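In: Give me coordinates for this.
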Amino acid sequence: MNNTELELLKIIADMEGTPSGAYNIRANGGLSSRQVTENINIETKTDKSGINIIIKANTKGEKVHIPVIISETGLTELVYNDFYIGENADVEIVAGCGIHNCGDGESRHDGIHSFFVGKNAKVRYVEKHYGGGDGTGGKNMNPTTVINLDEGSYMEMETTQIKGIDSTKRVTKATLKDDATLVIKEKLMTHGTQTAETDFTVDLNGANSSANVISRSVAKDNSKQIFLSRINGNNICNGHTECDAIIMDSAHVSAIPEITANHIDASLIHEAAIGKIAGEQLIKLMTLGLTEQQAEEQIVNGFLK
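Out: Below you'll find the predicted structure:
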């Protein structure tokens, strides 16, 4: 790999050199390198582009990296990745996609990730998106995540769009059984004329299932964002969805939270707040010697931390 590709891996997956444990690195439409362990196997799909990640029951404390990078202009791909997490496992999955486009053709990665989380298993899933390069071609990503949580399972999904993605539609669909828990933390930034659409749908089908969906975003320049979040309480359950956004310059943000109770004991809450950076925050930091731009950056970074 060249220095640009190595830098992408560092940004999206915190990888410096070869990681320990299982990993699968996809670069410019093909397999770059792979390693499996006794408890985590990674297989190339035979019927379509993508991989199967199979984690044995009772696997504890292991981590698997599955980053994707594109450094060729004009390369577009659709990839299907399926995760099978065995009962009572407790693992971390680090994904992410980085695009470096220095040409005039569109570079795009569309990924469909399906999770099948076994009974009483715990998963932490981390996904970062980043675009770079000085070309005029688009740097676009459209991730779809389908989550199936079995009884007593837990999944935490932390998804971050760092910067540089011209267009994205981020779709997440989740179905929860009895006593299952889902926590989603989304952070994203748009600038220039970029567009970002987030679409969450969570079905709380199981008794005592719960979901907490939180999105924090910053929209700068002339960028546009749409946040849609639907939680359907179909049993005795708890659901919470929250969208907080900072709007700057001539940007546009639309937040559309939706909660539906289909059971008398479904407890559901939605919150949404959109606003500019408070003037007193800027003044306080500027009195410490920061320029207005530096003060804005510090506030934004703290908000998205």
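
In: Now do the strands in the stretch 101-250 of the chain.
Out: Ranges of strands within the stretch 101-250 of the chain are 107-117, 122-132, 139-149, 154-163, 167-176, 181-190, 195-204, 209-219, 224-233, 237-247, based on DSSP state E, counting those that start in this stretch.

In: looking at these, which is closest to Pro67?
Out: Distances from Pro67 to each of the strands of the stretch 101-250 of the chain were compared using Cβ to Cβ; the minimum, 8.8 Å, belongs to strand 122-132. Where C-beta positions appear, they are placed from N, C-alpha and C, glycine not excepted.

In: Just name whatever secondary elements the closest one is in contact with.
Out: Under the contact criterion of 3 or more Cβ pairs under 8 Å, 6 or more residues apart in numbering; DSSP states H and E, the helices and strands touching strand 122-132 comprise helix 3-13, strand 90-94, strand 97-100, strand 107-117, strand 139-149, strand 154-163.

In: biggest helix in this protein by residues?
Out: Here the longest helix in the chain is taken by residue count, with DSSP state H as the criterion, and it is helix 292-304.

In: Give me the buried positions along that one.
Out: Along helix 292-304, the positions that meet the burial threshold by neighbour count (16 or more other Cβ atoms under 10 Å) are Ala295, Glu296, Ile299, Val300, Phe303, Leu304.

In: State the mean pLDDT of it.
Out: Over the span of helix 292-304, the pLDDT mean works out to 81.

In: Stretch 41-61 now?
Out: Model confidence over stretch 41-61 averages 97 on the pLDDT scale.

In: what's in contact with that stretch?
Out: Stretch 41-61 is touched from outside by 22, 24, 31, 34, 36, 39-40, 62, 64, 66, 77-91, 93, 112, 118, with contacts defined as Cβ atoms under 8 Å, 6 or more residues apart in numbering.

In: go again using 7 Å as the cut-off
Out: 22, 24, 31, 34, 36, 39-40, 64, 66, 77-91, 118 (Cβ atoms under 7 Å, 6 or more residues apart in numbering).

In: same deal with stretch 227-234?
Out: Residues outside stretch 227-234 that contact it (Cβ under 7 Å, 6+ apart) are 198-205, 211, 213, 215, 239, 241, 243, 254-263, 266, 268.

In: Mind checking the pLDDT average for that stretch?
Out: Per-residue confidence for stretch 227-234 averages out to 96 on the pLDDT scale.

In: and that stretch, how far from the chain's centre?
Out: What separates the centre of stretch 227-234 from the centre of its chain is 17 Å, taken as Cα atoms, centre = their mean, to the nearest Å.

In: buried residues in the one helix or strand in the chain whose mean pLDDT sits lowest?
Out: Among the secondary structure pieces of the chain, namely its helices and strands, helix 279-286 has the lowest mean (mean pLDDT, DSSP states H and E), a mean of 75. When neighbours are counted by 16+ other Cβ under 10 Å, the buried residues of helix 279-286 are found to be Leu282, Leu285.

In: How about the contacts made by Met1?
Out: Shown in contact with Met1 (Cβ under 7 Å, 6+ apart): Ala27.

In: Now do it against Arg108, distance only.
Out: Relative to Arg108, Met1 is positioned 21 Å away (Cβ to Cβ, to the nearest Å).

In: now do Thr168
Out: When Cβ to Cβ is the yardstick, Thr168 and Arg108 sit 10 Å from each other.

In: what residues do the two have in common as contacts?
Out: Taking Cβ under 7 Å, 6+ apart as the contact rule, Thr168 and Arg108 both touch Asn140, Met141.

In: How far does the least confident helix or strand of the chain sit from its chain's centre?
Out: The gap between the average C-alpha position of helix 279-286 and the chain average comes to 31 Å, counting by Cα atoms, centre = their mean.

In: That one - contacts with which helices or strands?
Out: In terms of contacts (3 or more Cβ pairs under 7 Å, 6 or more residues apart in numbering; DSSP states H and E), helix 279-286 is packed against helix 292-304.

In: so the helix it packs on versus strand 181-190, what angle?
Out: Using axes from the mean of the first three to the mean of the last three Cα atoms, to 10 degrees, the inter-axis angle of helix 292-304 relative to strand 181-190 is 160 degrees.
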